[in-house]
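1. got a predicted structure here, sequence first:
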Amino acid sequence: MAPTKRVCMILAAMLVAALVAPAVGHVTINPKKANTEGFMVFKMRLPHDCGDATIGTSNLTVTLPDGVVAVKQEQVAGWKAVHTMRAIDPPIVSGSRTYSETMDTATWVGFLPDGMYREFGLSLKMLPQKNGTVMYFKSSQDCHGGVPPRNWDQIPKAGDDSRLDSPAPAVTLIEGLEE
């Protein structure tokens with residue numbers, strides 16, 4: 001095979017790989033499927049990716065979607081856990097409990113160096129949702145050294161399968177899913 005043809009084939013293969021590859025270094029959530037209601041634990045995974053190997057991550061903030069209450073943050077060694085609350089108006093009754101507020105954002109402040117990852121837990125109660133509902137946990141990763149934050153907050157439009165540059169972590173809710 002001629003060198004020019006080989007180079008063209010290699011470049012074409014690289015282009016295809018770049019177009020179909022998922023976003024690298026983005027914040028993810030596990031599990032990616034959950035029951036439509038009940039108490040659950042999720043782990044937010046933060047792989048370091050501030051765009052520069054010399055700069056680490058200084059915090060992760062997750063915005064909780066509507067439909068979750070009784071949220072508790074995992075205390076991660078070496079990180080400070082802080083949160084903000086928002087009102088639920090009108091209050092929601094679930095079981096024998098009335099919820100008039102819920103956690104709005106969960107933030108962990110610490111340091112994650114390049115080449116490392118960390119998981120951050122959230123325990124929460126999922127209020128009853130429709131089967132197939134997708135809940136998005138928008139996230140923001142702040143970096144040391146004045147580097148702009150990495151926002152993982154893009155939500156796909158209905159019917160659009162385009163690859164997003166900064167996808168929000170998503171959980172698909174399935175009625176009766178066994179854990």
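-> Good, I have the coordinates. All figures in this text were calculated on a predicted structure; none of them were measured in a lab.

2. could you measure from residue 82 over to residue 107?
-> Separation of residue 82 from residue 107 (C-beta to C-beta, to the nearest Å): 5 Å. (C-beta placed from N, C-alpha, C; glycine too.)

3. between those two, who's got more neighbours?
-> Taking other C-beta atoms under 10 Å, residue 82 and residue 107 do not tie; residue 107 has more neighbours (19 against 13).

4. and the helices in this protein?
-> 3-20 (DSSP state H).

5. show me where pLDDT drops low in it?
-> Applying pLDDT under 70 to the chain flags the ranges 1-25, 49, 51-54, 179.

6. and for stretch 32-43, what are the contacting residues?
-> Residues from elsewhere that reach stretch 32-43 (C-beta atoms under 8 Å, 6 or more residues apart in numbering): 29-31, 70, 119-131, 133, 137, 170-177, 179.

7. buried residues, it. List them.
-> Within stretch 32-43, the residues that count as buried by 16 or more other C-beta atoms under 10 Å are 34-36, 40, 42.

8. kindly check the end-to-end length of that stretch for me.
-> 10 Å (C-alpha to C-alpha, to the nearest Å).

9. before we move on, back to that, got CSV for the buried residues of stretch 32-43, with distance to residue 100 too?
-> Supplementary listing: the buried residues of stretch 32-43 in CSV, determined by distance: C-beta to C-beta, whole Å:
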residue, distance to residue 100
34, 24
35, 24
36, 23
40, 22
42, 23
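
10. can you tell me which two in those are farthest apart?
-> Taking C-beta to C-beta as the measure, these span a maximum distance of 14.7 Å, between 36 and 42.

11. got a list of what residue 56 touches?
-> Here residue 56 is in contact with 48, 50, 111-114, 143-144 (C-beta under 8 Å, 6+ apart).

12. now a ChimeraX select for only the buried ones of the residues you listed.
-> In ChimeraX, a selection of the buried entries from those looks like this (16+ other C-beta under 10 Å):
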select :48,50,112,143,144
